[in-house]
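S.K.: With the input below, show me the fold.
(3 chains)
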Amino acid sequence: MVISRLNKNYFIRDTHLVCQDLIGKFLIHEDETRLKVGRIVEVEAYQGFNDRASHAARKQTPRNLIMFGPGGYYYIYLIYGMHYCLNIVTEKEGFPSAVLIRAVEPIYDSSTNLTDLGLKEKRILGSGPGRLCRWLEVDKIFNTKSVENPSLFMANDYKDQAHQPKIEKSKRVGVQYAGESAHLDWRYLDATSDYISHP
DNA sequence: GTGCGGATTAGCT
DNA sequence: GCTAATCCGCACG
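M.R.: Got it, this is the predicted structure:
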């Protein structure tokens, strides 16, 4: 299978379709100093003006401005003063939406031999939105950057590592403050994966 | 300028 | 299960 990068147009469509399609895809940080590859196993949808869990639910601010533009750009913010969360903006300009990457299975790491690690240790690397950003060395430098930038991107395959995911939906994590929006089943995960953030 | 609280995590009970 | 850690965006005025 040929490795091909997901382009901006991939994200300019319904957020829930993007969520389902992203499960099993690869998230790759590659430059002169590192190569890290994770398989996406859990994401969440944040969609439109009526989603009270979304940063874009109230109004446009300097921080959430990128969410109001067209899909295909990263939205990365600092949470609780110490963890970054990685999102990809989705849909057409004017309908603020994004997909939060919540967990990846570590596939390759140029600074660590992953085969030396047990399941528990690999889970600590990639299970959870803050943990995966720490492992992949993703921070606000990539905020507002296009998914078509050369070093942080997603791809449909990585060295024949892909396999068929079993997609399940459930409630989003950590949004109990969001009233009506809190109970929506807008979290998508691969039920065959051992790397889900809240098993 | 001040104050509040979060799309989380780690460590302890 | 509970909570501290630790910063900044944003709402107030």
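S.K.: Chain A: helices as residue ranges?
M.R.: For chain A, the helices defined by DSSP state H cover A:15-22, A:119-126, A:129-136.
S.K.: State the pLDDT value of the residue lying farthest from the centre of chain A.
M.R.: Relative to the centre of chain A, the most outlying C-alpha is that of A:Asp116, 25.8 Å out, by C-alpha atoms, centre = their mean. In this model, A:Asp116 is scored at 96, pLDDT.
S.K.: Which residues are in contact with it?
M.R.: Shown here is A:Asp116, which makes no contacts under the criterion C-beta atoms under 8 Å, 6 or more residues apart in numbering. In short, each C-beta sits where N, CA and C put it, glycine included.
S.K.: ok, it to A:Glu93 distance?
M.R.: As for A:Asp116, its distance to A:Glu93 is 46 Å (criterion: C-beta to C-beta, to the nearest Å).
S.K.: try A:Glu32
M.R.: A:Glu32 sits 34 Å away from A:Glu93 when distances are taken as C-beta to C-beta.
S.K.: Then A:Val43?
M.R.: Taking C-beta to C-beta as the measure, A:Val43 and A:Glu93 are separated by 22 Å.
S.K.: neighbour-wise, which of those two wins?
M.R.: For A:Val43 and A:Glu93, the more surrounded residue by other C-beta atoms under 10 Å is A:Val43, and the numbers stand at 27 against 11.
S.K.: ok, what's across the strand from the residue nearest to A:Lys36 when sequence neighbours are not counted?
M.R.: Leaving aside its sequence neighbours, A:Lys36 sits nearest to A:His29 (C-beta to C-beta, 6 or more residues apart in numbering; 4.7 Å). The partner list for A:His29 in beta bridges (DSSP bridges) reads A:Lys36, A:Leu152.
S.K.: pretty sure A:His29 is touching A:Leu136, no?
M.R.: Yes - when contacts are counted by C-beta atoms under 8 Å, A:His29 is listed as touching A:Leu136 (4.9 Å).
S.K.: Tell me the spacing between A:Tyr77 and DNA strand B.
M.R.: The spacing between A:Tyr77 and DNA strand B, counted by C-beta to the nearest atom of the strand, to the nearest Å, is 8 Å.
S.K.: give me the number of residues near the residue lying closest to that residue once chain neighbours are set aside?
M.R.: Using C-beta to C-beta, 6+ apart and skipping residues adjacent in sequence, the residue nearest A:Tyr77 is A:Cys85, 5.9 Å away. A:Cys85 is flanked by 20 other residues according to other C-beta under 10 Å.
S.K.: Mind pulling up the pLDDT for A:Cys85?
M.R.: Reading off the confidence values, A:Cys85 has pLDDT 98.
S.K.: OK, contacts around the residue positioned nearest the centre of chain A?
M.R.: Nearest to the centroid of the C-alpha atoms of chain A, with distances taken as C-alpha atoms, centre = their mean, sits A:Ile101, at 2.0 Å. If you count contacts by C-beta under 8 Å, 6+ apart, A:Ile101 has them with A:Leu22, A:Leu27, A:Ile40, A:Glu42, A:Val43, A:Leu86, A:Asn87, A:Ile88, A:Pro129, A:Leu132.
S.K.: Great, nothing more from me.
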